[in-house]
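Chemist: Can you look at this prediction? I've put the sequence above it.
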Amino acid sequence: AINERKCHKIAAIGADGIGPEVISAGIAVLRALSEALGSFDLDFTEYDWSSDTYKKTGNYIPDGGLDELRKHDAIFFGAVGAPDVPDHISLWGLRLAICQTFQQYANVRPTRILLGTQSPLRNCGPRDLDWIIVRENSEGEYAGQGGRSHRGQPWETATEVAIFTRHGIERLMRFGFEIARQRPRKLLTVVTKSNAQRNGLVLWDEVAAEVAKDFPDVKVDKMLVDAMTARMVLAPKSLDTIVATNLHADILSDLAAALAGSIGIAPTSNLDPTRQNPSMFEPIHGSAFDITGKGVANPVATFWTAAEMLAWLGEETAAAELMICVESVCEAGIVTADLGGTSTTVQVTEAVISEIKKRH
Ligand code: ATP
Ligand code: MG
């Protein structure tokens, strides 16, 4: 019989700063993995959309660009942001345009302490911290609703309105419960601030309680976001899957990335759980212009991102293999400066590729 290999079509967008450096490292590693395993193919299309495109044309995404992306199974994204473009323009111009168009309403951020890396927490070694933060990615505090009046007057007023819909909360909550159910501990911590935010987040609590009835096997735990920050630091082992609003999860996931050792490690996935549209996978870090072009960007966040993308595409075995190779390179001390090493982006990438070849 003919060995039918699945071919996944990936749109790659390096964008700004260290984005193109880490994305090309990621593509090289993914190609080596698909070649070594021989169980699937990858077809990359690279798009050079960036803040330079915006400065030249007034747009990040050219006409028809989103329809181009739609033809792919996944989007592999670097980082967007440039020193001479306001952050809200670059963010909405590229990243959020993609998230919104493709209904990527769940942002998923796994956090673990990889073998060979160090948490700033005392007595917290690899595997003592193993979380998945599920962030609402389409509404809430970042809905962009509100406005300003009486500009420049002492009585100037600004409103920033958070939008919470039953539909938005319920679909996110169901996805959070599904993830919790698939993990050994089956524990979901629902984060709010419903003592102070008494409309939207009370609705959040109510919907969580309703959805919980459909997941009797998942243990639910409620936390207020302020107490949650303390618990993450003081009792990291007591947490597993965490679901929170757009703003709260944004803050908690930066804390999580720091507790895991470096922002240069952490991945994130912007998912359309209905799978009607392509999902987008990116490292948590930004464009980091301070180290751009120096060849020292840590590519591990992008490798982990690549593993998350493979798992979403159904290549769980390949994803797990990739993480084994990445962790063994970290354990061997072949790491960039942010992890206390002296290796370059290229050296770490080559070490991971030779580990892949060695194992297969
Ligand atoms: P942006 O505006 O796009 O968010 P930024 O420069 O404000 O970018 P980050 O890129 O998130 O913020 O990073 C903050 C700092 O962390 C950077 O200045 C850089 O020194 C460091 N850093 C970020 N990513 C990496 C990485 N992959 N490897 C090494 N250091 C990194
Ligand atoms: Mg930044």
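Modeler: Great, that's in hand. These numbers were taken from a predicted model, which means no experiment stands behind them. Ligands and ions are numbered 1, 2, ... in the order given.
Chemist: element containing the residue nearest to I334 when sequence neighbours are not counted?
Modeler: Sequence neighbours aside, A351 is the residue nearest to I334 in space, at 4.4 Å (criterion: C-beta to C-beta, 6 or more residues apart in numbering). Where C-beta positions appear, they are placed from N, C-alpha and C, glycine not excepted. A351 is part of helix 345-359, with elements assigned from DSSP states H and E.
Chemist: how about the closest residue to ligand 1 within the chain, what does it touch?
Modeler: In the chain, no residue comes nearer to ligand 1 than G286, which is 2.1 Å away by C-beta to the nearest ligand atom. G286 makes contact with G17, A79, V80, G81 under the criterion C-beta atoms under 8 Å, 6 or more residues apart in numbering.
Chemist: can we see that at 7 Å?
Modeler: A79, G81 (C-beta atoms under 7 Å, 6 or more residues apart in numbering).
Chemist: ok but it is inside a strand, no?
Modeler: No. When DSSP: H, G, I helix; E, B strand; the rest coil is applied, G286 is found to be coil, with no strand at that position.
Chemist: Assign the spatially most central residue of the chain to helix, strand or coil.
Modeler: The centroid of the chain falls nearest to T268 when counting by C-alpha atoms, centre = their mean (1.0 Å). Under three-state DSSP, T268 falls in the strand class.
Chemist: Which secondary structure element is home to G147?
Modeler: strand 140-149.
Chemist: Now do the residue nearest to I334 against L115, distance only.
Modeler: Using C-beta to C-beta, to the nearest Å, A351 is found at 14 Å from L115.
Chemist: SS state for L121?
Modeler: L121 ends up coil, using three-state DSSP.
Chemist: That one contacts L259, doesn't it?
Modeler: Yes. Under the criterion of C-beta atoms under 7 Å, L121 makes contact with L259 at 5.9 Å.
Chemist: Overlap of the contact sets of these two?
Modeler: With C-beta under 7 Å, 6+ apart, L121 and L259 have common neighbours V233, P236.
Chemist: May I see the buried residues of stretch 120-130?
Modeler: For stretch 120-130, the neighbour count (16 or more other C-beta atoms under 10 Å) marks L121, C124, P126, L129, D130 as buried.
Chemist: For the fourth one, which residues are in contact?
Modeler: Think L129. T111, R112, I113, S119, P236, L259, A260 are the contacts of L129 under C-beta under 7 Å, 6+ apart.
Chemist: The same query, at a cut-off of 6 Å, please.
Modeler: I113, P236 (C-beta atoms under 6 Å, 6 or more residues apart in numbering).
Chemist: Kindly report the same for the first one.
Modeler: Neighbouring residues of L121 by C-beta under 6 Å, 6+ apart: L259.
Chemist: what about it, distance to L37?
Modeler: From L121 to L37 the distance is 35 Å (C-beta to C-beta).
Chemist: Show me what the helix or strand containing I13 is packed up against.
Modeler: Element membership for I13, per DSSP H and E: strand 6-15. Packing partners of strand 6-15 (3 or more C-beta pairs under 6 Å, 6 or more residues apart in numbering; DSSP states H and E): helix 19-37, strand 40-47, strand 74-79.
Chemist: what distance separates it from the middle of the whole chain?
Modeler: 16 Å (C-alpha atoms, centre = their mean, to the nearest Å).
Chemist: Stretch 334-342 now?
Modeler: 22 Å.
Chemist: So which bits of it are buried?
Modeler: I334, V335, T336, A337, D338, L339, G341.
Chemist: the helices in the stretch 51-200 of the chain, which residues?
Modeler: Secondary structure of the stretch 51-200 of the chain (DSSP state H, counting those that start in this stretch): helices located at 51-57, 65-70, 87-90, 96-101, 166-182, 200-212.
Chemist: and the protein, which of its residues are near ligand 1?
Modeler: 18, 79, 81, 263-264, 285-291, 297-298, 301, 336, 338 (C-beta under 6 Å from any ligand atom).
Chemist: Can I get the buried part of the residues you listed as one PyMOL selection?
Modeler: Of those, the buried ones go into a single PyMOL selection, burial set by 16+ other C-beta under 10 Å:
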select buried, resi 18+79+81+263+264+285+286+287+288+291+297+298+301+336+338
